[in-house]
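[1] Fold the following and give me the result.
(4 chains)
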Protein chains: 2
Amino acid sequence: MKELDPILHSQLRLAVMSILMNVDEADFVYLKEQTESTAGNLSVQLDKLSSAGYITVTKGFVGKKTRTTCQVTEQGRKAFEEYVEALKSYLNL
Amino acid sequence: MKELDPILHSQLRLAVMSILMNVDEADFVYLKEQTESTAGNLSVQLDKLSSAGYITVTKGFVGKKTRTTCQVTEQGRKAFEEYVEALKSYLNL
DNA sequence: TAAAGCGGTTTATAATATAAACCAAATTTT
DNA sequence: AAAATTTGGTTTATATTATAAACCGCTTTA
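    Numbers count the residues shown, from 1 in each chain, chains lettered A, B, ... in the order given. Model prediction:
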């Protein structure tokens, strides 16, 4: 049985990656809304995805307000695809 | 985003369920081999699946040796199917 | 009959997920 | 214009979970 990448095998991190796979970029507030997570939890999980090299996190401004935007990296894309393949062998798809 | 059943969202428990979905029954030793898990870990996870009502665990004898066999329950089958559906929405399948 | 192996279970520990508490800057209220 | 509230987060403490190590009774083998 294939290994399931532990960085992706987490509900919240997987949800974030799933969203980022379908959009060019997404900001902290949007991800928080879509995933219905607390800010603290999201912050920690974004850090982990970032440390793993699966996403980039950029802090900028829109007017006077801060804005943190996330994008999936090529490495993250690849890891996600591999995770999906591995999971398929468990799910009988 | 759908909830991912935390009882199934665990590599080892998912592997066990995946195996049990495809066979009539499987014993402890077989599951241990297929999943390449330690006996202790497997024992704990089988307990959790059993407590959740997802599998039945039956202790019997073959000759003088004990034999623990597992089967997925109807409830377990349903939970597995639902988990697969929920995951699909994350994986873009 | 002592030692080693088989089939596990119990328990201790390491890792993980999650939320609570906190913080600085901006906005709104009085 | 001070005070209070909201926004957009981070840090830290706690609860949960996964995992392996230590253990146990029974059987087989030396």
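
[2] Show me where chain A has its strands.
    Counting by DSSP state E, one finds strands in chain A at the ranges A:26-27, A:55-62, A:65-72.

[3] Check the gap between whichever residue of chain A sits closest to DNA strand C and A:Ile55 for me.
    Closest residue of chain A to DNA strand C, Cβ to the nearest atom of the strand: A:Gly40 (2.1 Å). (Glycine included, C-beta is placed from N, CA and C.) Going from A:Gly40 to A:Ile55 by Cβ to Cβ, to the nearest Å gives 18 Å.

[4] With neighbour numbers in mind, choose between the two.
    Neighbours per residue, other Cβ atoms under 10 Å in any protein chain shown: of A:Gly40 and A:Ile55, the larger number sits with A:Ile55, 24 against 8.

[5] Please tell me I have it right and the more buried one contacts A:Glu74.
    No - applying Cβ atoms under 8 Å, one finds A:Ile55 not in contact with A:Glu74, separated by 11.0 Å.

[6] Which positions in chain A make contact with chain B?
    A:1, A:3-4, A:9, A:11, A:14-15, A:18, A:21-22, A:34-36, A:84, A:87, A:90-93 (Cβ under 8 Å from any Cβ of the partner chain).

[7] Give me the subset of these that lies in helices.
    A:Gln11, A:Leu14, A:Ala15, A:Ser18, A:Met21, A:Asn22, A:Gln34, A:Thr35, A:Val84, A:Leu87, A:Tyr90, A:Leu91 (DSSP state H).

[8] Am I right that A:Leu91 is in contact with B:Ala86?
    No - using Cβ under 8 Å as the test, A:Leu91 is too far from B:Ala86 to be in contact (10.9 Å).

[9] Compare those two and say which is more crowded by neighbours.
    A:Leu91 (20 against 17).

[10] which residues touch the more buried one?
    B:Ser18, B:Val84, B:Leu87 (Cβ atoms under 8 Å, 6 or more residues apart in numbering or on different chains).

[11] what sits against the closest residue to A:Glu82 other than its chain neighbours?
    Once flanking residues are discounted, A:Glu82 sits nearest to A:Asp5: 6.9 Å by Cβ to Cβ, 6 or more residues apart in numbering or on different chains. Shown in contact with A:Asp5 (Cβ under 8 Å, 6+ apart): A:Ala79, A:Glu82, A:Tyr83, A:Ala86.
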